[in-house]
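Q: Have a look; sequence and predicted model below, questions after that.
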Amino acid sequence: MASFFDQVYLVVQQIPRGKVASYGQVAAILGSPRAARTVGWALASLRESNEDDVPWQRVINSQGRVSIRSMRHGVEEQQRLLEEEGVEFDARGYVDWRRFGWDGLSPVELEALLESEQ
């Protein structure tokens with residue numbers, strides 16, 4: 001079975017362009033609803049060589065804001081990348097979950113995804 005970090009990357013790769021998910025949502029999809037911080041650590045640990053394969057910018061906090069604290073990427077860069085995909089932020093830096101939130105994966109979809117990677 002893939003590591004939790006690898007499972008995070010697989011789920012995040014499913015988030016469509018122009019949509020966002022929260023750290024907690026990704027954790028819940030993976031059956032670990034209390035592992036939101038671990039999802040953040042997984043995304044923060046992406047290497048430059050593979051970060052282009054995982055759309056890390058599409059994962060934001062549960063309030064609908066960018067909360068990245070990385071040496072390589074700042075809030076402005078993540079917001080810029082999302083805006084290039086069509087995600088809109090209000091004047092206070094919030095995303096409208098109703099418009100831009102990703103519906104996620106069902107347990108059946110997750111199982112099929114994980115099986116396809118074995």
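A: Done, it's in. All of these numbers come straight from a predicted model, not from anything done at the bench.

Q: Can you read off the backbone torsions of the closest residue to Ala27 other than its chain neighbours?
A: Nearest in space to Ala27, with sequence neighbours left out and distances taken as CB to CB, 6 or more residues apart in numbering, is Ala35 at 4.1 Å. Where C-beta positions appear, they are placed from N, C-alpha and C, glycine not excepted. Backbone dihedrals for Ala35, given as degrees, to the nearest 10, come out at phi -100, psi 30.

Q: Phe5 versus Ala35, what's the distance?
A: 11 Å (CB to CB, to the nearest Å).

Q: roughly how far is stretch 96-108 from the heart of the chain?
A: Shown here is stretch 96-108, whose average C-alpha point lies 11 Å from the average C-alpha point of the whole chain (CA atoms, centre = their mean, to the nearest Å).

Q: which one of Ala35 and Phe5 has more residues nearby?
A: Applying other CB atoms under 10 Å to Ala35 and Phe5 shows that Ala35 carries more neighbours, namely 19 against 15.

Q: these two touch, right, Asp53 and Gln13?
A: Yes: using CB atoms under 8 Å, Asp53 and Gln13 qualify as a contacting pair, with a distance of 7.2 Å.

Q: quick check, Gln25 in a strand?
A: No: note on Gln25: no strand contains this position according to DSSP: H, G, I helix; E, B strand; the rest coil, which reports helix.

Q: What sits closest to it if chain neighbours are left out?
A: Nearest residue to Gln25, sequence neighbours excluded (CB to CB, 6+ apart): Gly104, at 6.0 Å.

Q: and what of Arg34?
A: Ala27 (7.1 Å).

Q: shaky segments in this protein?
A: Of all residues in the chain, those with pLDDT under 70 make up the ranges 1, 49, 69-72.

Q: Going along the chain, name the helices of it.
A: Counting by DSSP state H, the chain forms helices over residues 4-12, 23-29, 36-44, 75-84, 97-100, 107-116, given from the N-terminal end onward.
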